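Undergrad: Based on what follows, work out the 3D shape:
(one chain, ligands or ions: 1)
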Amino acid sequence: MKMKKRHPNFILPTRGSEAAGGLDLYMPEAGECDDRTTKVGLGFSAAVPKGNVALLLPRSGTGAKFGLELNNTCGVIDADYRGEWIANLRTKNGERFSWDAGERVLQMVVVPAVYVTPELVDELDDTERGEGGFGDSGRY
Ligand SMILES: O=c1ccn([C@H]2C[C@H](O)[C@@H](COP(=O)(O)OP(=O)(O)OP(=O)(O)O)O2)c(=O)[nH]1
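TA: Alright, predicted model coming up:
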């Protein structure tokens, strides 16, 4: 189905070189949020290259300095999604966080998503870690 253009649409061709980091996203309009979730349209749609997903995250600075987080922890943008990218923002410290139009608040990271078909087996192969997790390997 051909999508009607309501906001800028992007394709995200891969450059064939390794990215140095996330791609910062510009907020289309000024806004603010607090510890209640605020749904914010990012003002664009983008087709993630097939075989990948885009992870939507706060920039480290906004997260660390202002306690900004996504209420779904991390947004997963599927390769077949064509709608406007949405961020569900809130602060974890109860404070208000406001941004200007054109400010870089969030970032996206495109990562390969490998297609797997779960197969039921009797046992899993042995590993050194085994069933240990949640700090099992110690603090230092
Ligand atoms: O923070 C987010 C998370 C998701 N999406 C969009 C893109 C994604 O491709 C779509 C569906 O997300 P997901 O598959 O994680 O949601 P779901 O709860 O499993 O719903 P669905 O039944 O639509 O797959 O919503 C966003 O714009 N922002």
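
Undergrad: who's in contact with M108?
TA: Remark: with contacts taken as Cβ atoms under 8 Å, 6 or more residues apart in numbering, M108 is in contact with 22-23, 25, 54-57, 77. All C-beta spots, glycine's among them, are computed from the backbone N, C-alpha and C.

Undergrad: and the residue nearest to it when sequence neighbours are not counted, what element?
TA: Sequence neighbours aside, A54 is the residue nearest to M108 in space, at 4.8 Å (criterion: Cβ to Cβ, 6 or more residues apart in numbering). Secondary structure assigned from DSSP states H and E places A54 in strand 52-58.

Undergrad: Now do that strand: everything it contacts.
TA: Residues external to strand 52-58 that are found in contact with it (Cβ under 8 Å, 6+ apart): 12, 22, 25, 46, 48, 63, 68-70, 74-79, 85, 87, 105-113.

Undergrad: got it, and stretch 85-98?
TA: Residues external to stretch 85-98 that are found in contact with it (Cβ under 8 Å, 6+ apart): 25, 30-42, 44-46, 56, 62, 66-72, 75, 77, 106.

Undergrad: Partner strands of the strand holding A54 and their direction?
TA: Using DSSP bridges, the neighbouring strands of strand 52-58 in the sheet come out as strand 75-77 (antiparallel), strand 104-112 (antiparallel).

Undergrad: May I see those strands arranged in CSV, with mean pLDDT and distance to the ligand as well?
TA: Supplementary listing: the strands paired with strand 52-58 in CSV, determined by pLDDT from 0 to 100; distance: least, Cβ to the nearest ligand atom, whole Å:
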stretch, mean pLDDT, distance to the ligand
strand 75-77, 98, 2
strand 104-112, 96, 10
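
Undergrad: Tabulate those strands (a markdown table), appending distance to H7.
TA: Converted to a markdown table, the strands paired with strand 52-58 look like this (distance: least, Cβ to Cβ, whole Å):
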| stretch | distance to H7 |
| --- | --- |
| strand 75-77 | 15 |
| strand 104-112 | 16 |
